[in-house]
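Novice: Sequence first, predicted coordinates after that:
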6 protein chains.
Amino acid sequence: MFAHNKRLQYTVRVNEPNPGLANLMLEQFGGPQGELAAAMRYFTQAVAEDDPGRKDMLFDIATEELSHLEVIGNIVVMLNKGAKGKLAEGTEQEGEIYRSITGAGNDSHLTQVLYGAGAPLTNSGGVPWSAAYIDTIGEPTADLRSNIAAEARAKIVYERLINLTDDPGVKEALGFLMTREIAHQKSFEKALYSIVPNFPPGKLPGMPEFSSTYFNLSRGPGEERGPWNQGEKWNFVSDPDKAQAVDGGSGQASVELPSSEAAVVETLAARTASDAESDPLTGAELGMGVSPEGTEELALEGAGSDASPPSRKR
Amino acid sequence: MFAHNKRLQYTVRVNEPNPGLANLMLEQFGGPQGELAAAMRYFTQAVAEDDPGRKDMLFDIATEELSHLEVIGNIVVMLNKGAKGKLAEGTEQEGEIYRSITGAGNDSHLTQVLYGAGAPLTNSGGVPWSAAYIDTIGEPTADLRSNIAAEARAKIVYERLINLTDDPGVKEALGFLMTREIAHQKSFEKALYSIVPNFPPGKLPGMPEFSSTYFNLSRGPGEERGPWNQGEKWNFVSDPDKAQAVDGGSGQASVELPSSEAAVVETLAARTASDAESDPLTGAELGMGVSPEGTEELALEGAGSDASPPSRKR
Amino acid sequence: MFAHNKRLQYTVRVNEPNPGLANLMLEQFGGPQGELAAAMRYFTQAVAEDDPGRKDMLFDIATEELSHLEVIGNIVVMLNKGAKGKLAEGTEQEGEIYRSITGAGNDSHLTQVLYGAGAPLTNSGGVPWSAAYIDTIGEPTADLRSNIAAEARAKIVYERLINLTDDPGVKEALGFLMTREIAHQKSFEKALYSIVPNFPPGKLPGMPEFSSTYFNLSRGPGEERGPWNQGEKWNFVSDPDKAQAVDGGSGQASVELPSSEAAVVETLAARTASDAESDPLTGAELGMGVSPEGTEELALEGAGSDASPPSRKR
Amino acid sequence: MFAHNKRLQYTVRVNEPNPGLANLMLEQFGGPQGELAAAMRYFTQAVAEDDPGRKDMLFDIATEELSHLEVIGNIVVMLNKGAKGKLAEGTEQEGEIYRSITGAGNDSHLTQVLYGAGAPLTNSGGVPWSAAYIDTIGEPTADLRSNIAAEARAKIVYERLINLTDDPGVKEALGFLMTREIAHQKSFEKALYSIVPNFPPGKLPGMPEFSSTYFNLSRGPGEERGPWNQGEKWNFVSDPDKAQAVDGGSGQASVELPSSEAAVVETLAARTASDAESDPLTGAELGMGVSPEGTEELALEGAGSDASPPSRKR
Amino acid sequence: MFAHNKRLQYTVRVNEPNPGLANLMLEQFGGPQGELAAAMRYFTQAVAEDDPGRKDMLFDIATEELSHLEVIGNIVVMLNKGAKGKLAEGTEQEGEIYRSITGAGNDSHLTQVLYGAGAPLTNSGGVPWSAAYIDTIGEPTADLRSNIAAEARAKIVYERLINLTDDPGVKEALGFLMTREIAHQKSFEKALYSIVPNFPPGKLPGMPEFSSTYFNLSRGPGEERGPWNQGEKWNFVSDPDKAQAVDGGSGQASVELPSSEAAVVETLAARTASDAESDPLTGAELGMGVSPEGTEELALEGAGSDASPPSRKR
Amino acid sequence: MFAHNKRLQYTVRVNEPNPGLANLMLEQFGGPQGELAAAMRYFTQAVAEDDPGRKDMLFDIATEELSHLEVIGNIVVMLNKGAKGKLAEGTEQEGEIYRSITGAGNDSHLTQVLYGAGAPLTNSGGVPWSAAYIDTIGEPTADLRSNIAAEARAKIVYERLINLTDDPGVKEALGFLMTREIAHQKSFEKALYSIVPNFPPGKLPGMPEFSSTYFNLSRGPGEERGPWNQGEKWNFVSDPDKAQAVDGGSGQASVELPSSEAAVVETLAARTASDAESDPLTGAELGMGVSPEGTEELALEGAGSDASPPSRKR
């Protein structure tokens, strides 16, 4: 059960309205690395978690992320406050409103025209928040790693937003929110490593012959080695032939079909077979002006225009 | 530049067709934790990466994931092969096809009717693959953590699929694919820890007064402590008042508005103010049969029906 | 700022596990009419609202909807609890797990294979929750009407779920949740009607000559009149000619183009003009086996098959 | 069955091309509150409706909304007409086209580069129209409320667009479209209230003990009362304890598991238990440069940089 | 099985960084007509294809499209290279970064803030790539037509991008990519026409009485004829009555319901019937200030404002 | 301007209700190849088209597709009619409704629970219709090819649905709809080929050295040639080295950076460099139980379980 207090977790003091900046802040409101994603990621894990300690921690942090959602939402709303009044009341010259809406140079127009200069759950490009951003799968050694990564990403996006603004009140509140991602990452790390063992995640072990092999599949300029594929722990495979059909089989796919199904599959194949020996007249050739008799007239010269093709300059 | 060989990385031997199982396998073809997500996650990082070692590694693994996409796609196609022929040729009794399509008890109907029993890039519920699944943000200490988590998730989904099927050829190929996720996770771990330091991710340090604080925001039955919030490293805050307005301010949001904007904001507020002292007649009351004179006749008794309300049984 | 207590708003007592029923319950967890949509609808309005009374009400109700999200999530998790263990541990015969996963006859397979039998933010068909479900636009006389409608929809979906289950504990908790939608609708109605006037919404009046006109654009069997188009208040227009170009103009669209733009538009038109007098040989005709000389051989007789066309039976 | 006449319902006279304004107009073409959403909302209701009067009304209005879609589409096309020619013919200096495409300051670049300066079914931010915008659920007392709300929203978005432009022809056509939303809302209101009773929607009554209760869950600065929670009709609950487990139970969730399932659930819990008493070395600590012996060297000081943390300014 | 070489298929030489141009280039990276869509379209067809020749061709071209994805991705990354450093390092004055991010006048802000100036799989408006862009249905005579159309679209979008930039290296690489779409279209055309017959696609013939009929359903100004509806091959139907219920039936929809279902359908109809003879007081009327006694006071005059309605200017 | 007549274009006579079949029919209502996609594809082209003949044709066919949407919608509604009553009235035993909803074995549960057994704009898997299905780009030689392909796909999906059902009335109406796709394809073919030339689409010609080249990028078992890559018209390139850096350059990507940007890029590279010579202890190793001193204890043996790895059976 949730409760709410209208005092924010962190005071929001915005120096001056700026709808363009408000738009960028949406990234952490309704964007993929934002606070709703964080809150819902941990909340859904908390609801399904059976381990009492992790369940409690997940509810603690989910609740804080909801409170962060509120802080960033208030930043957005303060930055948009003047714009909201102007558009709703229509008191300015028409050209003025149009110019100020398009002048931000980003997707602030959407926030204003469609969402009334509120705080919509979209990213800064106007894409609605989607639960597809949440990667919870219900296994703690995977989910905690997902949480660790999510906190790392959120930390970075806050860092970018801090780099973008010179409003000291906005900067300070963003700094708090960024810092909390660091603290949360530390908690999730502790929770992961207090499950022993936690690697490989899950229950089934890997096939030993493939779990320390590295296939060198990208060649050419820029080949490098590193701890991710060198040293005793790694079996480094660079021969292309040894990377194919590694089971020693044919490398083909097969299925045993019941004979009735085999027959109908053959019928289908026959009906849709390509005649590899033909050279049929095609629609594209008609479209180039090839006459049925086969004389190419206009082929590849474009739509009758005098435009010249792009060419190599070097 | 990519090249392709029609030999698979792992031979696919399917025992018998099973469109219902094919549908579940789609999870690792076009699902959020599947091989396209993996391949595109690493490919987009590889293209943008400047560090030569990581760039090479990311291309190696992206290329392998594309090859895995091909393996799992072949499993899907083999399991669907008979179904494809039957629907296209329409040779069975109509009732038969309908029964076999709906009999799988999952979303196999979509794979068959819409996608012709091929290998569509959807999850097992028919949701089209979305780049919203990819959480790359262009900072290696975050992206490598995202990769580690993604490999852990993919490992688990393979484990579930292995638990689901008793076809030995399918099981074996899935076992190979699962194992490779383990190997890839190990590579990404090495790559992360070879960046020193890698925590906190990014460049800006946190505010020291908040980076080791834990806010205990969820109370009631089931309070637990653990390494994620206990011990010397943590400042554990349980007093609700100390979790609000932690900056010592008012906990309110404010913005300095230019006077012209302040005026229009006030106009808007006045125009849309609620009269908190009124008790207006509402549409719902009209809808309940409240007459304008105010006599409630049918209130809350439902749409004139004799249905009884749900009630507490205990 | 939010706080949480691990006691639920309503006790959840589930009689027996049932993953198929769990799947249907997702409708009110991550579906379009579900509790996350409700909570986020009111939360985003609360953050942007300036009227103190409405702001307080919106936070009250948003907070309760989050608490309902938790209740319905717990129902889902309880119904899935056994399934979660079986899939993760893989202790059953493989065929068993496959049969039980597909036996539910709905999208429960997705909840289990992809989401580990947790409580994912999807609808019962597996579609991830989207902020596109939220129709907040930042004008109270519109948003309150949206809220009223949303509560009405949620009430109905709960009613359907109540009709579906015979588990008394599930039924009781759903009954509570359904009832609260009624109470919330009543609050939003009071809030709407305490804004005077509230119709038409917004500030601009309509054009008087069109605001009480009804255009009868659908004719044929089943023409009916009703209070929505009859009586003194309505100007009922049934003559098709009076419904077109109602401004008395040409009914055409035009734009004044600068001459340079007009010229390039003409060039484009000339380049892509259709020759309406031609009867060109087409790709489809080639595909039917029409020889360049124009003799139709196989036209419309299908792909060489002996299938007969669908025909009118009556 | 539909028919079409190439005369528009309202003549469109655009003063001069303006691709940036065209982009904003898309809001009512392919946006969530736009005309396609309206047309499809009413059309799908009409098809499924059994009441002859409502069915006729829904077809009338759906047909008019399709005609409005055509009007707003023509406004978009006229505003884009010059841009279409310039991009397709490539006759300008290259820098010119780039500057004019990016100069609009909104998402007009997408309309031009991807959609050829036509009228795509997206909102002004480029998000493709989605049937997720339609909230029809097949119960008239809910759907009519949804329609009323949708008309209110559309009216407001038109009002905003009218405030944005000073092109008199565009303004006039938008005024007509806005006015029609008012008329439609009036029809839907009449249709709703001619169902008696219509509240609560549906058939099941609520639980009387909870249908007039208001839970005061948001506290702190700004507490207000209003007709939505005060007066004799309301049971106002402010004590937090009375808002939890309101059924008088434990507030816990439970399920009766068959013993075999209970056993496997326990196995899973044991396998994934956290050791709450441990203080494990974590990846983050490795990443901070904590040596295995436990000496913190670089903790929380960021990635070796000389950046200083955000700090409180007040 | 795929392999990779770090040499590109075409050398990318970018003259100077330009994040705004990078954003537009995304159209062919993660946009609907871009290279990922192409690669995945052909790859999924290749995996499911049984005809050996077409299978080989589809793998050849899918592999090339992946290589094109890499080329266009490198163009994006090169154009963004400076922006990436500036945002990550935060070395510029804050105002500077904000100005340069919003100054591009398009969605480049999203690429930078959310994606770190990498190469995200979105279109130029920031919409994530979706497998909904792929229209493969598993029937070669349809899929090859889809491929032909897709190549035509991609060719055009490249043409537009070429028209937009004056960077010679970018122009040259785009010219190569555009040219390859022409070559691929030619291959797909040959493959389609080597299936004989290929029209109508599939197996079932059409109903002869309707397969050459053209219904003239749009009338009014601008009626034109052309080869698509004139000449001996066409049965041109212009009489509206002949376009309805063309089977000669009633044009109504009916279903035979079991009597128990018929009864419940009637119950539902009765419960939700509209009273067409009533003229109920509505919420909108309350909202206009209509007193219960029925006197209209403020109707249609807007929210008490002195705003005047839009009016016809001509 | 549209008008509507309540007589359908084709009479719908359904033999008996079948919600499972209704669900499959949704494919052509709100699915990617369905009638809304068709109607909106042609309608948006019609609105933007300047050629009078094509504009008229596009409006004719768009109008017919809307009428088809109505026919297929009526099929869905008739098949669902009984189910709608049962769920709304709740008159059956609860178990009964649950069983009948899940018994269909497909996504009919969604149509019923969420959409009230109406006709929602989703595909048969419950995915909401998206304008991302529409591939119109505003160039007739591309759009007409897209239309041709779309008609071919729709024809095939109708064919599959016809194969699925044995209800003669449904079969007959589907046969009509399928046939009309054939007729429409023929019209679009005529329209395409009456633009001369129409290939390559657009205005810019290709680079002659690459427009007839075929790169043989997929090798291994199953190499085949066909008219798509053999004969005089093709330059067949099989040497891998000749497929890379085909411009004769380095195959590398480069950009000229201003020196200030070059410096910051270097700073970033240095800060995030991997130490390729290290072999750092990783989180995964901690998770495997590797002690800081480096002794592997549990590595790769899974989570302490006695599960055995998947193994090669052959």
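Specialist: Cool, got the structure. Residues are numbered from 1 along each chain as shown, chains lettered A, B, ... in the order given.
Novice: Helices of chain A, residue ranges please.
Specialist: For chain A, applying DSSP state H gives helices covering A:19-25, A:27-30, A:35-48, A:52-89, A:94-103, A:108-113, A:140-164, A:168-193, A:240-243, A:259-271, A:283-288.
Novice: will you turn those helices into a markdown table that also has distance to chain C?
Specialist: Where C-beta positions appear, they are placed from N, C-alpha and C, glycine not excepted. Below are those laid out as a markdown table (distance: least, Cβ to the nearest Cβ, whole Å):
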| stretch | distance to chain C |
| --- | --- |
| helix A:19-25 | 11 |
| helix A:27-30 | 6 |
| helix A:35-48 | 4 |
| helix A:52-89 | 4 |
| helix A:94-103 | 13 |
| helix A:108-113 | 9 |
| helix A:140-164 | 9 |
| helix A:168-193 | 13 |
| helix A:240-243 | 29 |
| helix A:259-271 | 6 |
| helix A:283-288 | 3 |
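Novice: Let me see the contact set for residue A:128.
Specialist: A:30, A:120, A:121, A:122, C:130, C:131, C:132, C:134, D:127 (Cβ atoms under 8 Å, 6 or more residues apart in numbering or on different chains).
Novice: Show the pLDDT at the last one.
Specialist: Taken from the predicted model, the pLDDT recorded for residue D:127 is 97.
Novice: count of residues packed around it?
Specialist: Residue D:127 has 27 neighbours, counted by other Cβ atoms under 10 Å in any protein chain shown.
Novice: do the fourth one as well
Specialist: By the other Cβ under 10 Å criterion, the neighbourhood of residue A:122 contains 28 residues.
Novice: Isn't it up against residue A:129?
Specialist: Yes. Between residue A:122 and residue A:129 there is a contact at 6.6 Å, judged by Cβ atoms under 8 Å.
Novice: Tell me the residues of the stretch 51-200 of chain A that contact chain F?
Specialist: Counting by Cβ under 8 Å from any Cβ of the partner chain, the stretch 51-200 of chain A comes close to chain F at A:141, A:192, A:193, A:196, A:197, A:198, A:199, A:200.
Novice: Please report the distance of the closest residue to the last one other than its chain neighbours from residue A:202.
Specialist: Just to be clear, that refers to residue A:200. The spatially closest residue to residue A:200, leaving aside those adjacent along the chain, is residue B:182, at 4.7 Å (Cβ to Cβ, 6 or more residues apart in numbering or on different chains). Going from residue B:182 to residue A:202 by Cβ to Cβ, to the nearest Å gives 10 Å.
Novice: if I look at these two, which residues touch both of them?
Specialist: Common neighbours of residue B:182 and residue A:202, using Cβ under 8 Å, 6+ apart, are residue B:155.
Novice: Find the residue closest to the residue in the stretch 1-150 of chain A that chain D sits nearest to in space, skipping its chain neighbours.
Specialist: Taking Cβ to the nearest Cβ, chain D has its nearest neighbour within the stretch 1-150 of chain A at residue A:126, 2.9 Å off. Among residues not flanking residue A:126 along the chain, residue D:125 sits closest, at 2.9 Å (Cβ to Cβ, 6+ apart).
Novice: Contacts only, for that neighbour.
Specialist: Contacts of residue D:125 by Cβ under 8 Å, 6+ apart are A:107, A:109, A:110, A:114, A:122, A:125, A:126, A:127, D:107, E:125, E:126.
Novice: Could you do residue A:255 as well?
Specialist: Neighbouring residues of residue A:255 by Cβ under 8 Å, 6+ apart: B:14, B:15, B:16, B:17, B:78, B:79, B:81.
Novice: now the first one, which residues is it bridged with?
Specialist: Note on residue B:14: beta-bridge partners residue A:255, judged by DSSP bridges.
Novice: Might one say that it is in contact with residue B:167?
Specialist: Yes. With contact defined as Cβ under 8 Å, residue B:14 reaches residue B:167; the gap is 6.3 Å.
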